[in-house]
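[1] mind folding the following:
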Amino acid sequence: MKYLCLVYLDAVHWNACSDDDCAAYAAQVAASQRLLAAEPLHGTHTATTVRVRNGEVTLFDGPFAETREMLAGFYLVEAPDLNAAIQIAAGIPPARHGSIEVRPVRELQVGAAQGADPG
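    Now for the predicted structure:
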């Protein structure tokens with residue numbers, strides 16, 4: 001099963017872990033064939049939030065929610081269960097300075113949606 005490990009850090013700890021540390025851990029997880037993708041994100045000041053209401057697109061600078069911790073990056077992993085995904089998340093270097101949210105990925109049923117009766 002796929003799990004998304006979302007890395008959250010506050011502004012004080014945004015650069016607490018070097019890219020080298022994160023890349024080394026990603027390489028270790030990749031060597032075990034459990035890593036599907038991992039990427040850091042630029043700071044929230046680079047974010048644009050998009051909303052569509054009644055067919056109208058509205059843009060906002062920055063993230064939608066004002067929070068103390070901001071989404072800093074992610075690791076998409078393959079694990080047999082939540083406990084195994086948590087073990088992987090616990091090793092992510094920024095976990096020492098922020099938090100890692102682990103969520104199972106829900107498979108999108110594209111074929112079923114295309115063949116579904118809209119009425």
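[2] what packs against the particular helix or strand that has residue 59 in it?
    In the assignment (DSSP states H and E), residue 59 maps to strand 56-61. Judged by 3 or more Cβ pairs under 8 Å, 6 or more residues apart in numbering; DSSP states H and E, the packing partners of strand 56-61 are strand 48-53. C-beta coordinates here come from the backbone N, C-alpha and C atoms, glycine included.
[3] related to what we said a few turns ago, listing partners with orientation, what would you give for the strand holding residue 59?
    Here strand 56-61 has these sheet partners by DSSP bridges: strand 48-53 (antiparallel).
[4] mean confidence score for the partner strand?
    Predicted confidence along strand 48-53 averages 90 (mean pLDDT).
[5] where does the chain have low pLDDT?
    Across the chain, the ranges flagged by pLDDT under 70 are 63-66, 112-119.
[6] scan the chain for its longest helix.
    Taking DSSP state H as the criterion, the chain has its longest helix at helix 19-31.
[7] where exactly do the strands run in the chain?
    2-10, 35-40, 48-53, 56-61, 69-78, 99-104 (DSSP state E).
[8] those into TSV, with extra columns for mean neighbour count and distance to residue 93?
    What follows is the strands of the chain, written out as TSV (neighbours: other Cβ atoms under 10 Å; distance: least, Cβ to Cβ, whole Å):
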stretch	mean neighbour count	distance to residue 93
strand 2-10	20	9
strand 35-40	15	11
strand 48-53	9	28
strand 56-61	9	29
strand 69-78	20	11
strand 99-104	15	10
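[9] make a markdown table from the ones you listed and add distance to residue 25 to it.
    Shown next, in a markdown table, are those (distance: least, Cβ to Cβ, whole Å):
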| stretch | distance to residue 25 |
| --- | --- |
| strand 2-10 | 11 |
| strand 35-40 | 8 |
| strand 48-53 | 29 |
| strand 56-61 | 32 |
| strand 69-78 | 8 |
| strand 99-104 | 12 |
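[10] I appreciate the help and will end here.
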